[in-house]
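A.B. asks: Structure for this input, please:
(one chain, ligands or ions: 1)
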Amino acid sequence: MAPLAIRRATKSFGGFEVLHGIDIDIEDGEFVVLVGPSGCGKSTLLRLIAGLEDITTGEILIDDKEVSRLHPKDRDIAMVFQSYALYPHMSVAENMGFSLRMRDVKPPERDRKVQAAAEILGLTPLLDRYPRQLSGGQRQRVAMGRAIVRDPKVFLFDEPLSNLDAKLRVQMRAEIRVLHKKLKTTIVYVTHDQIEAMTMADKIVVLRDGHVEQIGSPLELYDTPANAFVGGFIGSPAMNMLNGRIGEGGRSFVTDNGAELPLAAPPRIEPGRATIMGLRPEDIEIDEAGFPAQVQLIEPTGADIHVNLEVSGDVLTAVFHERLGLSEGQSVRLSIPVDKVHFFDPDSGDRIV
Ligand code: ATP
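C.D. replies: Next comes the predicted model:
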């Protein structure tokens, strides 16, 4: 098992740099999720770790050993792809044992490893089947089994659940977590789905345009996003962002559209300073003594209700856990607990407090 370090890694395609000086330290046995919008470079970074792409500058270390120039098969890494990449003409057992056969592992040991992996993954009754005779979730498990038999130092997962339906995705998400707890092998997992990142990761790396925006535990990122991008990316429904400035004496936030939102305690920001106020949907409260808003849209999800509220031309999304009996068009009053508010610099996007 292996700590993995990525040092000042850059990657260019035809002179065009898509990863710019990436630094990430991954602890032994950690489950790390690389997340970010389409095109941010997460698959490229994973492929650099795997050795499927050559690094342009920088280095990748496994157990303090530089592996950047090693062939993929010499890096002691196993990758699970989105497409599963199973061989259709081979049984489950043959698919799982294939990489061992390529490495001249003898049949008794090969069988033993395949059976042990099948046991862990609940695939034992399916070992003689062919991929076409399996469900999507079972195929995904075989793809994982193929990685497990190799007992690698690091597992790399590239959006492994994106071909599954929503329900199976949730189930497989839990299975992969349980598997990680059993095997305790370091995992680097790529997804564009922030809920997958939040629920699976020990540590999340948020990427944007080839840069690392923030690294932290799911709740660190949720509670103290380093900038407005991370604030907006992590969390669903997304954090509300209001442009405005701190009012007189720090007692309010005045939106660019002229609404004055009272703040119970002054934030540590000088009055008059332009800021973006970030507000999580679940932190908005109905409060008779609060500022006025109008209910624009109500979306019940069953467990919660999502409500769009208009505040002088801005629309805030709120999540309420109680069925408040609201109706569209209704006037309400809201308050914002000041300790839950995030303030970002409008130019850099960086967190102020
Ligand atoms: P997605 O979630 O859409 O898969 P991603 O975050 O994984 O996106 P990458 O696939 O890593 O993003 O791509 C990062 C950038 O590198 C993109 O601008 C992409 O067009 C570019 N890129 C990736 N592979 C190549 C390649 N082989 N040649 C040229 N450009 C590439």
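A.B. asks: Enumerate the residues of the protein near the ligand.
C.D. replies: 13, 18, 36, 38-44, 192 (CB under 6 Å from any ligand atom). The C-beta positions use only the backbone N, C-alpha and C, and glycine is treated the same way.
A.B. asks: go again using 5 Å as the cut-off
C.D. replies: Residues of the chain lying close to the ligand by CB under 5 Å from any ligand atom are 13, 18, 38-44, 192.
A.B. asks: give me the element the residue nearest to Met79 when sequence neighbours are not counted is part of.
C.D. replies: The shortest distance from Met79 to any residue other than its chain neighbours is 4.3 Å, reached at Leu156 (CB to CB, 6 or more residues apart in numbering). Assigned by DSSP states H and E, Leu156 belongs to strand 154-158.
A.B. asks: how much space between Lys340 and Gly278?
C.D. replies: 10 Å (CB to CB, to the nearest Å).
A.B. asks: neighbour count winner among those two?
C.D. replies: Gly278 (24 against 14; other CB atoms under 10 Å).
A.B. asks: residue contacts, that one?
C.D. replies: Contact analysis of Gly278 by CB atoms under 8 Å, 6 or more residues apart in numbering lists 225, 228, 231-232, 239-241, 341-344.
A.B. asks: Closest residue of the stretch 101-250 of the chain to the ligand?
C.D. replies: Of all residues in the stretch 101-250 of the chain, His192 sits closest to the ligand, at 4.6 Å by CB to the nearest ligand atom.
A.B. asks: what number of residues lie near that residue?
C.D. replies: Number of residues near His192 (other CB under 10 Å) recorded here: 18.
A.B. asks: now swap in Gln296 and tell me
C.D. replies: 15.
A.B. asks: ok, for it, nearest residue in space, not its chain neighbours?
C.D. replies: Closest residue to Gln296 apart from its sequence neighbours, by CB to CB, 6+ apart: Asn308 at 4.3 Å.
A.B. asks: Doesn't that neighbour belong to a strand?
C.D. replies: Yes: with DSSP: H, G, I helix; E, B strand; the rest coil as the criterion, Asn308 is part of a strand.
A.B. asks: Looks like it contacts Asp314 (just checking).
C.D. replies: No: using CB atoms under 8 Å, Asn308 makes no contact with Asp314, being 10.6 Å away.
A.B. asks: Quick check, central residue of this structure?
C.D. replies: Note on the chain: the residue nearest the mean C-alpha position is Ala197, at 2.7 Å, using CA atoms, centre = their mean.
A.B. asks: tell me the secondary structure for it?
C.D. replies: What three-state DSSP gives for Ala197 is helix.
A.B. asks: Correct me if wrong: it contacts Val33.
C.D. replies: Yes: using CB under 8 Å, Ala197 makes contact with Val33 at a distance of 4.3 Å.
A.B. asks: where do the contact lists of these two overlap?
C.D. replies: 191, 204.
A.B. asks: List the buried residues in stretch 314-323.
C.D. replies: Within stretch 314-323, the residues that count as buried by 16 or more other CB atoms under 10 Å are 314, 316-320.
A.B. asks: Ser327 touches Val295, doesn't it?
C.D. replies: Yes: contact criterion CB under 8 Å: Ser327 and Val295 qualify, at 6.8 Å.
A.B. asks: Between these two, tell me which one has more neighbours.
C.D. replies: Neighbours were counted for Ser327 and for Val295 using other CB under 10 Å; Val295 has more, 18 against 8.
A.B. asks: For the more buried one, which residues are in contact?
C.D. replies: With contact taken as CB under 8 Å, 6+ apart, Val295 is in contact with 307-309, 326-332.
A.B. asks: Looking at those residues, point me to the pair that's furthest apart.
C.D. replies: Taking CB to CB as the measure, the contacts of Val295 span a maximum distance of 14.2 Å, between Asn308 and Ser331.
A.B. asks: Looking at the two, which is more packed in?
C.D. replies: Per other CB under 10 Å, whichever of Asn308 and Ser331 has more neighbours is Asn308, with 18 against 8.
A.B. asks: Mind listing the residues bridging to that one?
C.D. replies: Residues in a beta bridge with Asn308, per DSSP bridges, are Leu297, Thr317.
A.B. asks: Which residue ranges of this protein form helices?
C.D. replies: With helices called from DSSP state H, the chain shows them at 42-50, 92-102, 107-121, 136-148, 166-183, 194-200, 218-223, 228-233.
A.B. asks: For those, give me a markdown table that also has mean pLDDT and distance to Asp287.
C.D. replies: Below are the helices of the chain laid out as a markdown table (pLDDT from 0 to 100; distance: least, CB to CB, whole Å):
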| stretch | mean pLDDT | distance to Asp287 |
| --- | --- | --- |
| helix 42-50 | 96 | 41 |
| helix 92-102 | 93 | 58 |
| helix 107-121 | 92 | 51 |
| helix 136-148 | 90 | 46 |
| helix 166-183 | 90 | 35 |
| helix 194-200 | 94 | 29 |
| helix 218-223 | 97 | 23 |
| helix 228-233 | 97 | 23 |
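A.B. asks: Just list the residues touching Leu263, thanks.
C.D. replies: Leu263 touches 247, 250-253, 336, 338, 341, counting by CB under 8 Å, 6+ apart.
A.B. asks: Next, give phi and psi for the residue in the stretch 251-353 of the chain that the ligand sits nearest to.
C.D. replies: Closest to the ligand within the stretch 251-353 of the chain is Gly349: 19.5 Å, counting by CB to the nearest ligand atom. Main-chain dihedrals, Gly349, degrees, to the nearest 10: phi 80, psi -10.
A.B. asks: Understood, closing this out.
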